[in-house]
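Peer 1: Prediction below, plus the sequence it came from.
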Amino acid sequence: VAKTLLWEDSKQTMTVLLLLAVIYYQLFTCGYTIITAMAKIFSLTALFLFIHGMLPANVFGHKIEKLEPSNFHISQVEAHHIACSVSSSWNSLVGVLKSLCRGNDWPLFLKVVFFLLVVSILSAMSSEAAFKIGIPLIFIGFKAYEKWEDTIDSLVGDACSFVLQFTPIQISSRQKQT
């Protein structure tokens, strides 16, 4: 992902941009619903895999690498690992919610508020506008961060320290007794 977003592998980046353009065309410009668009994408994928499987190993002197059926198989160990990862993520979310309910963790509260604010802003705009704005912003943002990493980190650190200076100081139980 980093090589793609930072334009280190331009062929891979252009492939991803082409794929995103196809997804944009399928979802927004054709006027399909998400279910219809996904059905069409799965149909095209199945057709591609079928044609790819029927091609000979050598076409006009070019070797075609075949996809092995084992590429589509998930072992029981991998399935268990995926299930454990989902369970761990859920338990982490529950831990965050418990911490928020106690009201002791101001930085965590501010992170949650900021995240919910971003989600609120994004949900107010259409998905087409979010796609048009978000995709270029992601590619440009990561490249800009790579170029000016130290400056951005210092600005974020300054902003965090400025916000945290307004949080109330917690008094320990020993100080309350004296």
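Peer 2: Thanks, I have the structure now.
Peer 1: contacts, neighbours, all on C-alpha from now
Peer 2: Noted.
Peer 1: list the buried ones in the host helix or strand of residue 39?
Peer 2: Following DSSP states H and E, the helix or strand that holds residue 39 is helix 34-54. For helix 34-54, burial by neighbour count (16 or more other CA atoms under 10 Å) applies to residue 37.
Peer 1: now that helix: mean pLDDT?
Peer 2: Average pLDDT, helix 34-54: 85.
Peer 1: Residue 64 against residue 54, yeah?
Peer 2: No - Residue 64 lies out of contact with residue 54 (CA atoms under 8 Å); the separation is 11.1 Å.
Peer 1: hey, what's in contact with both of those two?
Peer 2: Residues touching both residue 64 and residue 54 by CA atoms under 8 Å, 6 or more residues apart in numbering: none at all.
Peer 1: neighbouring contacts of the helix holding residue 39?
Peer 2: With CA under 8 Å, 6+ apart, helix 34-54 has contacts from 26, 27, 66, 67.
Peer 1: Turn those into JSON lines, including pLDDT.
Peer 2: Compiled in JSON lines, the contacts of helix 34-54 are given as follows (pLDDT from 0 to 100):
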{"residue": "26", "pLDDT": "74"}
{"residue": "27", "pLDDT": "75"}
{"residue": "66", "pLDDT": "81"}
{"residue": "67", "pLDDT": "79"}
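Peer 1: what's downstream of the strand or helix carrying residue 110, the next helix or strand?
Peer 2: Here residue 110, judged by DSSP H and E, is contained in helix 106-124. Per DSSP H and E, the first helix or strand lying C-terminal to helix 106-124 is helix 127-147.
Peer 1: That following helix to helix 106-124, inter-axis angle?
Peer 2: Here helix 127-147 points in a direction 140 degrees away from that of helix 106-124 (axes from the mean of the first three to the mean of the last three CA atoms, to 10 degrees).
Peer 1: Residues in contact with helix 127-147: which ones?
Peer 2: Helix 127-147 has contacts (CA under 8 Å, 6+ apart) with 5, 6, 7, 24, 28, 122, 152.
Peer 1: low pLDDT regions in the chain?
Peer 2: 167-178 (pLDDT under 70).
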